[in-house]
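Q: Model the following, please.
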Amino acid sequence: MMKDKKELAKLIYEELKKGDIKSALFLISKELEKEKTEKLSFTKTPLLNSIGQELGRLLIKEDWKFERLMELWKEDERDKRLIVISALGNISKKDYENSKQFVLSVLNDISNWEICDLMALRVIVNLAVQNQKEMFSLMHEWIKSENKWVRRLAVATIPPYIRAKKTESKICLELLDNVMREVTKKDPNSVFNFLSRHTKIEDKNTRLMIKEGMKKLSKEKQEKLKVLIGG
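A: Here you go, the predicted model:
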């Protein structure tokens with residue numbers, strides 16, 4: 001049986017504090033392997049989030065935290081990257097500039113929807129709340145990227161940002177309008193799938209985002225989204 005998530009986070013922290021990255025990596029792999037079964041060959045995301053959040057709380061005051069988290073990130077493994085992102089989620093609330101620089105340095109390493117969406121939900125939204133002008137300026141640049149995951153990162157930040165700043169949906173709709181023009185040209189299915197996942201959210205701002213976002217899609221996809229949101 002795996003160690004308690006708080007205990008595991010503390011053990012990882014201690015190894016990182018010593019600068020023993022190999023031991024920290026071994027510890028993570030060893031403990032998370034205990035969670036896997038024949039029916040479940042991967043570690044559940046909520047568990048990784050909990051470990052990462054606790055690790056982030058322990059790391060907040062440490063000067064070396066970003067360097068050591070980068071070492072974990074460079075392993076290029078799903079579990080370790082999700083832990084890093086959740087740790088950064090807590091840290092980003094206290095250290096805007098260095099957290100932003102960390103994100104910018106790994107931007108082109110994002111290579112799947114889970115990493116991308118968690119980065120938006122846990123980190124980018126925190127940075128945007130703290131410095132709306134700079135982060136939305138960056139996101140306007142991201143939607144022009146040739147990298148579909150960088151484009152998606154900007155889009156995936158919109159719903160959590162609206163939830164955090166309910167009265168500031170206008171800036172999100174402006175970004176979304178640019179997003180739809182850019183992304184739909186290159187990857188309309190990605191736009192459709194993203195909007196589809198948010199159709200069950202009972203929130204007027206999210207519904208407005210969906211209605212605005214689907215305007216650039218084909219009529220067939222628009223009709224499907226209309227059905228999902230109830231007209």
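Q: Please enumerate the helices of this protein.
A: For the chain, applying DSSP state H gives helices covering 5-18, 21-33, 45-59, 65-73, 78-91, 96-106, 113-119, 125-130, 132-142, 148-164, 169-186, 188-197, 204-213, 219-229.
Q: give me the low-pLDDT residue ranges for this structure?
A: 1-2, 37-40, 231 (pLDDT under 70).
Q: Pick the most buried one from the helices of the chain.
A: Among the helices of the chain, helix 78-91 has the highest mean neighbour count (mean count of other CB atoms under 10 Å), at a mean of 25. The C-beta positions use only the backbone N, C-alpha and C, and glycine is treated the same way.
Q: From Ser218, how far off is the most centrally placed residue in the chain?
A: For the chain, Met119 is the residue whose C-alpha lies nearest the centre (CA atoms, centre = their mean; 1.8 Å). To Ser218, Met119 is 29 Å away according to CB to CB, to the nearest Å.
Q: re the thing from before, wait, the residue nearest to the centre of the chain sits on Ile110?
A: Yes. Applying CB atoms under 8 Å as the test, Met119 and Ile110 come out as touching, 6.6 Å apart.
Q: Find the residues that touch each one of those two.
A: Here Met119 and Ile110 have Leu153 as joint contacts, going by CB atoms under 8 Å, 6 or more residues apart in numbering.
Q: contacting residues around the residue nearest to the centre of the chain?
A: Ile85, Val103, Ile110, Leu153, Ala156 are the contacts of Met119 under CB under 8 Å, 6+ apart.
Q: who touches the nearest residue to the third one once chain neighbours are set aside in this structure?
A: Put plainly, it is Ile110. Leaving aside its sequence neighbours, Ile110 sits nearest to Trp149 (CB to CB, 6 or more residues apart in numbering; 4.3 Å). Trp149 makes contact with Ile110, Ser111, Asn112, Trp113, Ile115, Cys116, according to CB under 8 Å, 6+ apart.
Q: 10 Å instead, please
A: 107-113, 115-117, 119, 142, 156, 190 (CB atoms under 10 Å, 6 or more residues apart in numbering).
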